[in-house]
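J.: just to be clear, the model below is a prediction. Sequence and coordinates:
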Amino acid sequence: MPGKRDDVISWDEFFMRVAIAAKLRSKDPNTQVGACIADTHHRILSVGYNGTPAGLDDDEFPWESTGDPLTDKHNYVIHAEANAILNYRGSLKDMAGATVYVTLFPCHECAKTLVQAGVGEVVYLDDKYHDTEDGVVSRSILDRCAISYRQVVVAE
Ligand SMILES: O=c1[nH]c(=O)n([C@H]2C[C@H](O)[C@@H](COP(=O)(O)O)O2)cc1CO
Ligand SMILES: [Zn+2]
């Protein structure tokens with residue numbers, strides 16, 4: 001077709017770029033994560049990033065891995081994938097078979113939450129915790145629940 005642009009970005013790249021944009025909102029100094037959930041019709045359902053619960057001021061938050069349960073950031077932060085699910089204001093039925101684009105491979109808590117939300121596929125960018133125990137458990141959950149996952153390469 002004359003005049004038509006052919007070099008448009010793919011759906012994968014588009015949704016991952018949305019996830020990358022979301023992670024730019026994260027105040028975590030060590031790891032920023034973004035997630036974008038797209039349904040089977042290529043419609044964006046929701047977006048999220050890792051942050052503190054509403055009411056807990058993320059500017060005042062210490063954002064440290066102290067090892068002390070009461071102050072350690074890991075016990076307070078809501079993960080990007082969980083926030084993306086919680087940010088959705090429609091029916092969870094819409095998430096059936098949806099694809100989650102996430103800039104970091106989901107932890108085991110997010111893996112099981114995504115499964116239970118009805119998500120059908122996980123597409124991820126970074127996998128820096130692949131060799132940790134959590135990474136092994138996370139893949140075990142996704143494998144046993146027959147949720148496929150694949151890595152994409154998108155420039156950040
Ligand atoms: O799936 C995930 N989703 C997600 O939002 N996160 C967040 C939680 C923390 O704010 C941060 C991890 O911090 P750290 O790399 O310092 O342990 O990333 C972490 C993971 C995977 O570990
Ligand atoms: Zn998680």
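T.: Received it, and whenever you're ready, just let me know what you need. Owing to the predicted nature of the structure, the values given are computational and were not obtained by experimental measurement. Ligands and ions are numbered 1, 2, ... in the order given.
J.: for this structure, which segments count as helices?
T.: Ranges of helices within the chain are 11-23, 80-87, 108-117, 133-144, based on DSSP state H.
J.: any idea how far the residue nearest to Thr52 when sequence neighbours are not counted is from Tyr49?
T.: Spatial nearest neighbour of Thr52, excluding adjacent residues (CB to CB, 6 or more residues apart in numbering): Asp58 at 4.5 Å. Where you see a C-beta, it was placed from the backbone N, CA and C, and this is true even at glycine. Going from Asp58 to Tyr49 by CB to CB, to the nearest Å gives 11 Å.
J.: for Arg150, same thing?
T.: Remark: distance between Arg150 and Tyr49 (CB to CB) = 22 Å.
J.: compare these two (neighbour count), which wins?
T.: Taking other CB atoms under 10 Å, Arg150 and Tyr49 do not tie; Tyr49 has more neighbours (26 against 10).
J.: if I pick the more buried one, what's in contact with it?
T.: With contact set as CB atoms under 8 Å, 6 or more residues apart in numbering, Tyr49 has these partners: 22-23, 25-26, 32-35, 80, 83.
J.: what distance separates the start and the end of stretch 69-77?
T.: Counting by CA to CA, to the nearest Å, you get 12 Å between the two ends of stretch 69-77.
J.: residues contacting it, please?
T.: With contacts defined as CB under 8 Å, 6+ apart, stretch 69-77 is touched by 28, 50-53, 56, 61-66.
J.: what's the answer for stretch 17-24, then?
T.: 9, 32-36, 44, 47-50, 80, 101-103, 125, 154, 156.
J.: state the mean pLDDT of that stretch.
T.: On average, the pLDDT along stretch 17-24 is 98.
J.: so where do the strands sit in this structure?
T.: Along the chain, counting by DSSP state E, strands occupy 34-38, 44-49, 99-104, 121-126, 148-151.
J.: okay, those strands in JSON lines with mean pLDDT and distance to ligand 1 next?
T.: Output for those, formatted as JSON lines (pLDDT from 0 to 100; distance: least, CB to the nearest ligand atom, whole Å):
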{"stretch": "strand 34-38", "mean pLDDT": "99", "distance to ligand 1": "8"}
{"stretch": "strand 44-49", "mean pLDDT": "98", "distance to ligand 1": "7"}
{"stretch": "strand 99-104", "mean pLDDT": "98", "distance to ligand 1": "5"}
{"stretch": "strand 121-126", "mean pLDDT": "98", "distance to ligand 1": "9"}
{"stretch": "strand 148-151", "mean pLDDT": "98", "distance to ligand 1": "12"}
